[in-house]
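[1] return a 3D structure for these sequence lines:
(chains A, B, C, D, E and F)
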Number of protein chains: 4
Amino acid sequence: MLLLMARDQTRAKVHAAALLLALDANGAGPLTMEGIAARAGVSKQTVYRSWPSTGAVLFDALLARSADESGRVVVPNSGDLSSDLLALATGMIGELKDPLEEALLRALTADLQSDAVLAAQYRELLLGPQLSAISTRLSEAGVPASGDVAELFVGPIFYRWLLRTRPFDSEWVSAHVERIIRSIGR
Amino acid sequence: MLLLMARDQTRAKVHAAALLLALDANGAGPLTMEGIAARAGVSKQTVYRSWPSTGAVLFDALLARSADESGRVVVPNSGDLSSDLLALATGMIGELKDPLEEALLRALTADLQSDAVLAAQYRELLLGPQLSAISTRLSEAGVPASGDVAELFVGPIFYRWLLRTRPFDSEWVSAHVERIIRSIGR
Amino acid sequence: MLLLMARDQTRAKVHAAALLLALDANGAGPLTMEGIAARAGVSKQTVYRSWPSTGAVLFDALLARSADESGRVVVPNSGDLSSDLLALATGMIGELKDPLEEALLRALTADLQSDAVLAAQYRELLLGPQLSAISTRLSEAGVPASGDVAELFVGPIFYRWLLRTRPFDSEWVSAHVERIIRSIGR
Amino acid sequence: MLLLMARDQTRAKVHAAALLLALDANGAGPLTMEGIAARAGVSKQTVYRSWPSTGAVLFDALLARSADESGRVVVPNSGDLSSDLLALATGMIGELKDPLEEALLRALTADLQSDAVLAAQYRELLLGPQLSAISTRLSEAGVPASGDVAELFVGPIFYRWLLRTRPFDSEWVSAHVERIIRSIGR
DNA sequence: CGATAACCGAGACGGTACGTCCGGTCTTGGA
DNA sequence: TCCAAGACCGGACGTACCGTCTCGGTTATCG
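    Model (predicted):
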């Protein structure tokens, strides 16, 4: 007979509650521990037992999604760097535009500004691997200073998204990739 | 005869208090309206009369600094685009490293994530002009899609600063400028 | 040519505002200086110049009404003590039931509990004369300890009104007067 | 093993604080929720959780005293109505003169003027029973309209106390009882 | 008639208290 | 043994009034 481990069930409920709240309360509601507990039908203490802050809950929910989901954005490697970067950028932007993902990331980004520990974890567990993957793909194409180029590639996308300067359109994406390619200089 | 410009005096006191608090309470203290009022020796209502949130105070303080200070970072125009961009990047990074400026901008950036109105003002009054100035300088040098290139220039700097991926050093800066120049393609 | 003295005009406006506010905000609204000033279309300072508290405004308004109004309840003296007391009680109760008067008196009574100066003025200028008049009428009828009897007459009316134990009806009033007459004992 | 009855303890602390504050801040201090919480060493929210206003706290404290204290003023029944009323009046006046009781009742009476709910509870739970007890005692002595006579007895005492017209002395008390007896008319 | 002072509206200001929300900790009672 | 339920202290929220103050713009007496 299977006894469901209450803890995992609880964990899932809390994650779901955090995602929902981040989604519909984006901008307005500040996403509180109390709110998450209430939405998850769980006592506050249960939430505090496992996570120290709303940011930690969000981060954990994000990690869980990464693990679950097989459809994570992955750096393609077809041999043609230009088309691979285009596909990658399109994938990243698609993810950033997904309402749930967007709400989650914006809420989390706000928390990162005032939580150094969380920020470090974010860099190590999410950002780092992503940048490394891109950097590795560039290295394989013989690009020098591949880490810096990876940042050149990702930076403007992040900048546009975070500060909402202008919406993403496909012309911009392809022009951006072309500029990256040119910047490599052979 | 002394004419007290009561309002301006108050405004200055609040600005000063916000700057100080953003400075030494960076990370730890969450910069509260109550705290600002107390530090400024001013009643809470006086703060609320003029600003709806801590973010608004910070933003206003930042604007006041921009107006006051003649030493704002300005886009140089020596005729040599490469050296001008290098000077500009160095200036921007210097500003981002200034403890006071840094504390201010980080606190403000956190607030921007959950305050759409403030975010819009920030884009229009601070970011926009900066990007425009860079874009104009690029146009004068005959660079096409100068707005996009300006973002390509600024984006990675902002990315590194916000996510603290790696510190800025002079090698990176000059390599970054070179990549930008190459990306223009002719 | 008659030049209206601005001050009296102001005084009248403030009185009117206080009466209106006491009337419709009875129970709910706590009758504030700020509210009175706003309702009177007068600056706060103008109110404070002439009265130290809301209670003082109410009291002054009440005094002004007493002076103005010729129809004040007065102790009748027809020679028949019994019918005179009945007329007096009926008049007093009628006044207490008048919505404006009632609102005014209840608001004022509440203030009296926490303002000793105001309470003393109230006793001396309003209550005292009323009790004295009744006492005098009783004396003229040869009633001993007329002051105490006056209180015996007034006390239960006030008690019923203030604590709202039961509504006044005419049977009670005449029975009350009969009891007072009997209590005199010759 | 110690089981802390947390709630009751809190309740007691709040009651004690309210009594103390009503006592020494009588007249001057307006008895605030914040003050009660501070004096009780309790958070504001804890006070608001259980009572909606200072009046409610006072009323509850008064009720608790009534329940505790065996020495409540009680209507005596020796068979001699006159001496029983005298004892009763003396007891009531003694209680009204007790500084703690007086402070409590005056503060509460002020609140009653602007809180209809509280006023109703006061009538039903404290005044009503008192008047009923007196009325019952009068009925047993064959007094007609005993409820009205009870009010005739209590009204002037309350009137003197509330408006502080004159201090109570024993001559007045016995004269008052005599007048009540005479008013019954056989 | 034009100066001069008093009065007034408007409302900023330093405060105190309001009543609410949330952060974290701790206790209790039922499963 | 675990956990929901929720009381509890603390602190910030944003608002309402308090009573004081300065500011301009009328009035209305007086030189």
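
[2] now do the contacts for residue A:90.
    Under the criterion of C-beta atoms under 8 Å, 6 or more residues apart in numbering or on different chains, the contact list for residue A:90 reads A:170, A:173. Any C-beta I mention is one placed from the backbone N, CA and C, and that applies to glycine too.

[3] what about 10 Å?
    Neighbouring residues of residue A:90 by C-beta atoms under 10 Å, 6 or more residues apart in numbering or on different chains: A:73, A:168, A:170, A:173, A:174, A:177.

[4] before we move on, what about residue A:21?
    Contacts of residue A:21 (C-beta under 10 Å, 6+ apart): A:29-32, A:35-36, A:38-40, A:54, A:57-58, A:103, A:107.

[5] tell me the pLDDT at it?
    pLDDT, the model's per-residue confidence, is 87 for residue A:21.

[6] repeat for the one 10 residues further on
    On the pLDDT scale, residue A:31 is placed at 85.

[7] equivalent analysis for residue A:79, please.
    Per-residue pLDDT puts residue A:79 at 90.

[8] in what helix or strand does the residue nearest to the spatial centre of chain A lie?
    Taking C-alpha atoms, centre = their mean as the criterion, residue A:105 is the residue nearest the geometric centre of chain A, at 5.8 Å. According to DSSP states H and E, residue A:105 maps onto helix A:99-112.

[9] what's the answer for residue A:120, then?
    Using DSSP H and E, the secondary-structure element containing residue A:120 is helix A:116-122.

[10] also residue A:77?
    In this assignment (DSSP H and E), residue A:77 forms part of neither any helix nor any strand.

[11] can you count the residues close to it?
    13 (other C-beta atoms under 10 Å in any protein chain shown).

[12] ditto for residue A:75
    Using other C-beta under 10 Å, residue A:75 is surrounded by 18 other residues.

[13] residue A:164 now?
    Neighbour count of residue A:164, defined by other C-beta under 10 Å: 13.

[14] just to revisit the earlier point, now look at the helix holding residue A:120 and say if it contacts DNA strand E.
    No - using C-beta under 7 Å from any atom of the strand, no contact is recorded between helix A:116-122 and DNA strand E, whose separation bottoms out at 12.1 Å.

[15] how far off centre is the helix or strand just after that helix?
    Past helix A:116-122, further along toward the C-terminus, the next helix or strand under DSSP H and E is helix A:128-140. Distance, stretch centre to chain centre, for helix A:128-140: 16 Å (C-alpha atoms, centre = their mean, to the nearest Å).

[16] which parts of helix A:128-140 are buried?
    A:130, A:131, A:133, A:134, A:135, A:137, A:138 (16 or more other C-beta atoms under 10 Å in any protein chain shown).

[17] excluding chain neighbours, what is closest to the first one?
    Spelled out, that is residue A:130. Across the structure, with C-beta to C-beta, 6 or more residues apart in numbering or on different chains as the measure, the residue nearest residue A:130 apart from its sequence neighbours is residue A:154 (7.7 Å).

[18] separation between that neighbour and DNA strand F?
    The span separating residue A:154 from DNA strand F equals 34 Å under the rule C-beta to the nearest atom of the strand, to the nearest Å.

[19] could you give the number of residues near that residue?
    Neighbour count of residue A:154, defined by other C-beta under 10 Å: 22.

[20] and the closest residue to chain D within chain A, how far is that from DNA strand E?
    Checking chain A residue by residue against chain D with C-beta to the nearest C-beta singles out residue A:34 as nearest, at 13.1 Å. Remark: distance between residue A:34 and DNA strand E (C-beta to the nearest atom of the strand) = 4 Å.

[21] least confident secondary structure element in chain A?
    Sorting the helices and strands of chain A by mean pLDDT, DSSP states H and E puts helix A:6-24 at the bottom, at a mean of 83.

[22] just give me how far that one sits from the chain centre.
    17 Å.

[23] ok and that helix relative to helix A:99-112, angle-wise?
    Orientation of helix A:6-24 against helix A:99-112 (axes from the mean of the first three to the mean of the last three C-alpha atoms, to 10 degrees) gives an angle of 90 degrees.

[24] the helix or strand just after helix A:6-24 to helix A:6-24, inter-axis angle?
    Counting by DSSP H and E, the next helix or strand C-terminal to helix A:6-24 is helix A:33-40. Orientation note: helix A:33-40 sits at an angle of 110 degrees relative to helix A:6-24 (the same axes, to 10 degrees).

[25] the helix or strand following helix A:33-40 close to DNA strand E?
    The helix or strand immediately downstream of helix A:33-40 is helix A:44-50, counting by DSSP H and E. Yes - part of helix A:44-50 sits close enough to DNA strand E to count as contact by C-beta under 7 Å from any atom of the strand, namely A:44, A:45, A:48.

[26] count the neighbours of the spatially closest residue to the first one that is not a sequence neighbour for me.
    Take residue A:44 and drop its neighbours on the chain: the residue closest to it by C-beta to C-beta, 6+ apart is residue A:37, 4.5 Å away. With neighbours defined by other C-beta under 10 Å, the count for residue A:37 comes to 19.

[27] returning to that earlier point: just the residues of helix A:44-50 next to DNA strand E now: which is nearest chain B?
    Using C-beta to the nearest C-beta as the measure, the one of the residues of helix A:44-50 next to DNA strand E that approaches chain B most closely is residue A:48, at 18.6 Å.

[28] how much space separates that closest one from residue A:60?
    Distance of residue A:48 to residue A:60, computed by C-beta to C-beta, to the nearest Å: 13 Å.

[29] quick one, which of these two is more surrounded?
    Neighbour totals were compared for residue A:48 and residue A:60, and residue A:60 leads with 17 against 12 (other C-beta under 10 Å).

[30] per-domain residue ranges of chain A.
    Domain assignment for chain A, taken from automatic domain parsing, gives A:6-59, A:81-184.

[31] rank the ones you listed by pLDDT, which is bottom?
    Note on the domains of chain A: lowest mean pLDDT is at domain A:6-59, with a mean of 85.

[32] how far off centre is it?
    With C-alpha atoms, centre = their mean as the basis, the distance from the averaged C-alpha position of domain A:6-59 to the chain average is 18 Å.

[33] now swap in stretch A:133-142 and tell me
    In terms of C-alpha atoms, centre = their mean, the centre of stretch A:133-142 is set 21 Å apart from its chain centre.

[34] list of residues touching it?
    By C-beta under 10 Å, 6+ apart, the list of residues contacting stretch A:133-142 from outside reads A:73-77, A:79-82, A:84-85, A:88, A:92, A:143-151, A:153-154, A:180-181, A:184, A:186.

[35] 7 Å - rerun?
    In this structure, residues lying in contact with stretch A:133-142 by C-beta atoms under 7 Å, 6 or more residues apart in numbering or on different chains are A:75, A:77, A:81, A:84, A:146, A:147, A:149, A:150, A:153, A:154.

[36] of the contacts of residue A:21, grab the buried ones for ChimeraX.
    If you want just the buried ones from the contacts of residue A:21 in ChimeraX, going by 16+ other C-beta under 10 Å, the selection is:
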select /A:31,35,36,39,40,54,57,58,103,107
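
[37] just put the contacts of residue A:21 in TSV and tack on distance to chain B.
    Shown next, in TSV, are the contacts of residue A:21 (distance: C-beta to the nearest C-beta, whole Å):
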residue	distance to chain B
A:29	9
A:30	7
A:31	9
A:32	13
A:35	14
A:36	16
A:38	20
A:39	18
A:40	22
A:54	12
A:57	16
A:58	12
A:103	11
A:107	7
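
[38] what's around the nearest residue to residue A:104 once chain neighbours are set aside, how many residues?
    Of all residues beyond its chain neighbours, the one nearest residue A:104 is residue A:22 (5.2 Å), with distances taken as C-beta to C-beta, 6+ apart. For residue A:22, the neighbour count with other C-beta under 10 Å is 26.

[39] hang on, residue A:22 packs against residue A:107?
    Yes - the pair residue A:22 / residue A:107 is scored as a contact, 4.6 Å apart, by C-beta atoms under 7 Å.
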